[in-house]
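Student: Next input, structure requested:
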Amino acid sequence: MDTTIPLSSHAPALPEPEQSALRREIKAAPDLAALQQASRRIQALAQRLVEPMPDAEQLTRMISSLNDALTRRVIDVCSDGFLHADLEWCWISLGSEGRQEQTLSGDQDNGIIFTSINNDEPEQVRAWLLPLARRINEALDACGFPLCVGDIMASNPHWCLSLAEWRERFSLWIIEGDPQALLNASIFFDLRPLYGAQHLAQQLNDWLALEAAENSRFLFQMAANALRREPPLGLLRRFVVARDGPHAGTIDLKLNGAALFIDAARIYNLACGAGASNTADRLRLAATGQRLHPDDVARWIEAFYFIQMLRLKNQHRHYTGHALMHNHVDPDRLEPADRHALQQALRQAQGLQQRLALDYPGSSQGM
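Tutor: Here you go, the predicted structure:
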């Protein structure tokens, strides 16, 4: 029996004519002001589609694709006149952008990979690239993508590295990294090339796929980190909510919902050496590689995207109410059907974690 699952089980998101018009507008944008206007149109389109479009996979891929186009044009505008014949560089996206899972709200996570044809010292090349990276980060901020509070951006010299330096950094995480270092570094394993010499990112991804798959200690540590975060489910069909702080009485749908699927899928992807970046694609490839059962994968993907859709609807409500968008929901205020579906989705996350613990025995100790 053929158990192959396609990378994307859905057609491109609609409305296609409006997307195409937006892409043309972005491509023709002559300056930052025009790009800011295009960014507002992307946000308006996404907000308008939240309620009538029940398919979070289509919507998040559409948002990510349009944001990719905007980011590439921002880089074009900012790098106009920036010429260096002996230098190749690639802008990489990380985190939700790297996974093509952007919602209506999120900050920047990006970096640069470079190589010098003349073998210039990395510090010399970095000094040349960092001012450009700062311009790009600030322009993206002006277009509605806030600067990363953790400074995981290309303008940070720690994340503007030569190909050799990136390999060295990943080697330290894989071979010698402690659990906390790996937890902090997890989004770097979601890297995706966005602009420039994309073959540099492909080389890094190809090398990373081999290194990660062959290091069982690293995969066990990643699994242990993933299992430290449990689904917020209590007894008698109750939820475990935050007890204090500004979001007391709520569940964080990002950290305590979607991330449970994201973290597990990342591990299976690394174990398979597959090189996919999107969570659903990672799970589908693990099924194709017979690491996971296709029926389980279908349920996990459905649960993951239900939580993503709930995030989108929650962000949309805050947006229309002129409030700061976030990922926290009070389960007692959900519609009964959504409340029940959230319980079921979190139970699917629990099942995925149980499978992860079985595949990496001992990684769940101390949970």
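
Student: residues near R355, how many?
Tutor: 17 (other CB atoms under 10 Å). Glycine gets a C-beta too; all of them are placed from N, C-alpha and C.

Student: Identify the residues contacting it.
Tutor: 264, 292, 296 (CB atoms under 8 Å, 6 or more residues apart in numbering).

Student: what does the helix or strand where A226 lies contact?
Tutor: Assigned by DSSP states H and E, A226 belongs to helix 216-228. Helix 216-228 has contacts (CB under 8 Å, 6+ apart) with 173-175, 177-179, 182-183, 186, 212, 260, 263-264, 266-267, 270-271, 353, 356-357, 359-360, 362-367.

Student: So which elements touch the following helix or strand past that helix?
Tutor: Remark: after helix 216-228, the chain's next helix or strand is strand 251-252, criterion DSSP H and E. Applying 3 or more CB pairs under 8 Å, 6 or more residues apart in numbering; DSSP states H and E, one finds that strand 251-252 contacts strand 328-329.

Student: name the helices or strands packed onto the strand it packs on?
Tutor: strand 251-252, helix 294-320.

Student: In its sheet, which strands sit next to that strand, and in what direction?
Tutor: Partners of strand 328-329 in the sheet, by DSSP bridges, are strand 251-252 (antiparallel).

Student: Show me how far the partner strand is from its chain's centre.
Tutor: 18 Å (CA atoms, centre = their mean, to the nearest Å).

Student: same deal with stretch 46-57?
Tutor: 19 Å.

Student: Quick check: mean pLDDT of it?
Tutor: For stretch 46-57, the mean per-residue pLDDT is 89.

Student: Same question for stretch 62-69.
Tutor: Across stretch 62-69, the average pLDDT comes to 96.

Student: Show me what it is in contact with.
Tutor: 12-13, 19, 22-23, 26-27, 42, 45-46, 49, 93, 96-97, 100-104, 145, 194.

Student: And P336, how far from L210?
Tutor: Relative to L210, P336 is positioned 49 Å away (CB to CB, to the nearest Å).

Student: just to revisit the earlier point, return the subset of the contacts of helix 216-228 lying in helices.
Tutor: 179, 182-183, 212, 260, 263-264, 266-267, 270-271, 353, 356-357, 359 (DSSP state H).
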